[in-house]
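**Q** dropping a prediction and its sequence here:
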Amino acid sequence: MSSTIESIEAEALQLSTAERARLVERLIASLDVDPEVEEAWAAEVERRHAEIENKAVSLLPGAETLAKLRATSA
């Protein structure tokens, strides 16, 4: 890693949690994004939201979901 990146990283780690989160969001947003991929994700989000609103799917608590995933991967 270059000294410039190490310096920036050291400075970033001095920020508050909220400031680091904002920085991460801005850095990710600055990356090149494929519009087709973004459109596909937006459509998927809308589809899943509609399924939840229409009660076509049931939601599970996060802890229960993680427990089921762990049980199937063991």
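**A** Arrived safely, thanks for sending. Values in this document were obtained by computation on a predicted structure and should not be read as measured data.
**Q** please count neighbours and contacts with C-alpha atoms only from this point.
**A** Will do.
**Q** what's near enough to touch residue 28?
**A** Shown here is residue 28, which makes no contacts under the criterion Cα atoms under 8 Å, 6 or more residues apart in numbering.
**Q** where's it relative to residue 57, distance?
**A** Counting by Cα to Cα, to the nearest Å, the gap from residue 28 to residue 57 is 31 Å.
**Q** tell me, how many residues neighbour residue 11?
**A** Residue 11 is flanked by 10 other residues according to other Cα atoms under 10 Å.
**Q** so what touches the strand or helix carrying it?
**A** Using DSSP states H and E, residue 11 sits within helix 3-12. Contact with helix 3-12 is made by residue 20, as judged by Cα under 8 Å, 6+ apart.
**Q** separation between residue 31 and residue 11?
**A** From residue 31 to residue 11 the distance is 21 Å (Cα to Cα).
**Q** if we can go back for a sec, in the helix holding residue 11, what counts as buried?
**A** Buried residues in helix 3-12, counted by 16 or more other Cα atoms under 10 Å: none are found.
**Q** now it: mean pLDDT?
**A** Helix 3-12 carries an average pLDDT of 95.
**Q** where are the low-confidence patches of this protein?
**A** Residues of the chain meeting the criterion pLDDT under 70: 1.
**Q** please compute how far the longest helix seen in it lies from its chain's middle.
**A** If you go by DSSP state H, the chain has its longest helix at helix 35-53. Helix 35-53 has its C-alpha centroid displaced from the chain centroid by 15 Å (Cα atoms, centre = their mean, to the nearest Å).
**Q** go ahead and produce CSV holding the CA coordinates of that helix.
**A** What follows is helix 35-53, C-alpha atoms only, in CSV (Å, rounded to 0.1, in the frame of the first residue of the first chain):
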residue,chain,number,x,y,z
PRO,A,35,-26.7,1.6,-15.2
GLU,A,36,-28.1,-1.7,-16.3
VAL,A,37,-27.1,-3.3,-13.1
GLU,A,38,-28.5,-0.4,-11.1
GLU,A,39,-31.8,-0.7,-13.0
ALA,A,40,-31.9,-4.5,-12.4
TRP,A,41,-31.3,-4.0,-8.6
ALA,A,42,-34.0,-1.3,-8.5
ALA,A,43,-36.5,-3.6,-10.2
GLU,A,44,-35.6,-6.4,-7.8
VAL,A,45,-36.1,-4.1,-4.8
GLU,A,46,-39.5,-3.0,-6.1
ARG,A,47,-40.5,-6.6,-6.8
ARG,A,48,-39.5,-7.7,-3.3
HIS,A,49,-41.2,-4.7,-1.7
ALA,A,50,-44.5,-5.5,-3.6
GLU,A,51,-44.3,-9.1,-2.4
ILE,A,52,-44.0,-7.9,1.2
GLU,A,53,-46.8,-5.4,0.8
